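Peer 1: Okay, predicted coordinates and the sequence, questions at the end:
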Amino acid sequence: MKIVSFKICPFVQRVTAILQAKGVDYDIEYIDLSNKPQWFLDISPNGQVPILVTDDDSILFESDAIVEYLDEVAGTPISSENPVKKAQDRAWSYLASKNYLVQCSAQRSPDAKTLEERATKLSKAFGKIEARLGEGQYADGDRIGMIDIAWLPLLHRASIVERQSGYDFLGDFPKVKRWQQNLLATGIPEKSVSEDFKDRFNAFYLAESTYLGQLAKDKQDLACDGSPECRPEDMACCA
């Protein structure tokens, strides 16, 4: 199978994360969202990534549909067999994915006031999952499930932002913080992105044009003024 991707897209990371969690091999091809190739437009009904090309050349789009398909056909399922629990997990996963672009927007904030306003929206989601989490390593105890995979891109990006800039999206949420550290310890976040992910992430979200980039520069002179891979409008091309 092959995934068509954009290197810093959180929706794509959700797909690659479930494959990494299951130990399933896959190919990946990266495209430039500001110059989408015609072959991609021909197979992507909404012009967005990720796209999954199955082994029999069927085309799947929309990350929600792709991760459910992969859980059914690739390796041992990690979703619940109980219909009610499965639906509940799907709802909690949706709460994560609908905040991917909220986090992207917050990370691109040009000043402290804008970051505070946008981070407040993201905090509402973190507050809800904080109340949902128990005492186990992951969302449902000591076994990684679909909720963990859905929230992983948010938690991974929050960890990079904190390490580089000192700003912590999770500072008020101790259970989410512990959960984040447990997921990072699996190695799945690092394995589910490209080798140059951090450089590209920094160039876009920690550039000097962003408030987080200014914090990073003040903290350890890490703000990047190089050319990022994408433009702000490109983030609408992930789903």
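Peer 2: All right, it came through fine. Since the structure is predicted, the reported quantities are computational estimates derived from the model, not experimental observations.
Peer 1: What ranges does the protein have for its strands?
Peer 2: Along the chain, counting by DSSP state E, strands occupy 2-5, 27-30, 51-53, 59-61.
Peer 1: Please produce JSON lines containing those strands, extended by mean neighbour count.
Peer 2: In this view, the C-beta of every residue, glycine as well, is placed from N, C-alpha and C. Rendered in JSON lines, the data for the strands of the chain read as follows (neighbours: other C-beta atoms under 10 Å):
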{"stretch": "strand 2-5", "mean neighbour count": "20"}
{"stretch": "strand 27-30", "mean neighbour count": "13"}
{"stretch": "strand 51-53", "mean neighbour count": "20"}
{"stretch": "strand 59-61", "mean neighbour count": "17"}
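Peer 1: Indicate which one of those strands is closest to residue 21.
Peer 2: Ranking the strands of the chain by proximity to residue 21 (C-beta to C-beta) places strand 2-5 first, at 14.7 Å.
Peer 1: Relative to the closest one, what are the paired strands and their orientations?
Peer 2: Here strand 2-5 has these sheet partners by DSSP bridges: strand 27-30 (parallel), strand 51-53 (antiparallel).
Peer 1: coming back round to it: can you put the strands of the chain in CSV and add mean pLDDT and distance to residue 111?
Peer 2: As requested, these are exported to CSV (pLDDT from 0 to 100; distance: least, C-beta to C-beta, whole Å):
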stretch, mean pLDDT, distance to residue 111
strand 2-5, 96, 31
strand 27-30, 97, 32
strand 51-53, 97, 36
strand 59-61, 97, 36
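Peer 1: Let me have the ones you listed in a markdown table, adding distance to residue 204 as columns.
Peer 2: Listed next are those as a markdown table, based on distance: least, C-beta to C-beta, whole Å:
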| stretch | distance to residue 204 |
| --- | --- |
| strand 2-5 | 15 |
| strand 27-30 | 15 |
| strand 51-53 | 22 |
| strand 59-61 | 24 |
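Peer 1: Tell me which residues touch residue 173, please.
Peer 2: Contacts of residue 173 were listed using C-beta atoms under 8 Å, 6 or more residues apart in numbering, and they are 123, 126, 127, 130.
Peer 1: Pick out the most distant pair among those.
Peer 2: Every pair in the contacts of residue 173 was compared (C-beta to C-beta); the two farthest apart turn out to be 123 and 130, at 9.6 Å.
Peer 1: can you redo the strands paired with strand 2-5 as CSV with distance to residue 164?
Peer 2: Compiled in CSV, those are given as follows (distance: least, C-beta to C-beta, whole Å):
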stretch, distance to residue 164
strand 27-30, 23
strand 51-53, 30
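Peer 1: do you know which of those strands lies nearest residue 146?
Peer 2: Minimum separation from residue 146 across those (C-beta to C-beta) falls at strand 51-53, 16.6 Å.
Peer 1: what's next to the lowest-mean-pLDDT helix or strand in the chain, contact-wise?
Peer 2: Using mean pLDDT, DSSP states H and E, helix 211-220 stands out as the lowest-scoring helix or strand of the chain, at a mean of 91. Defining contact as C-beta under 8 Å, 6+ apart, one finds that helix 211-220 is touched by 107, 109-112, 114-115, 161, 164-167, 202, 205-208, 222-224.
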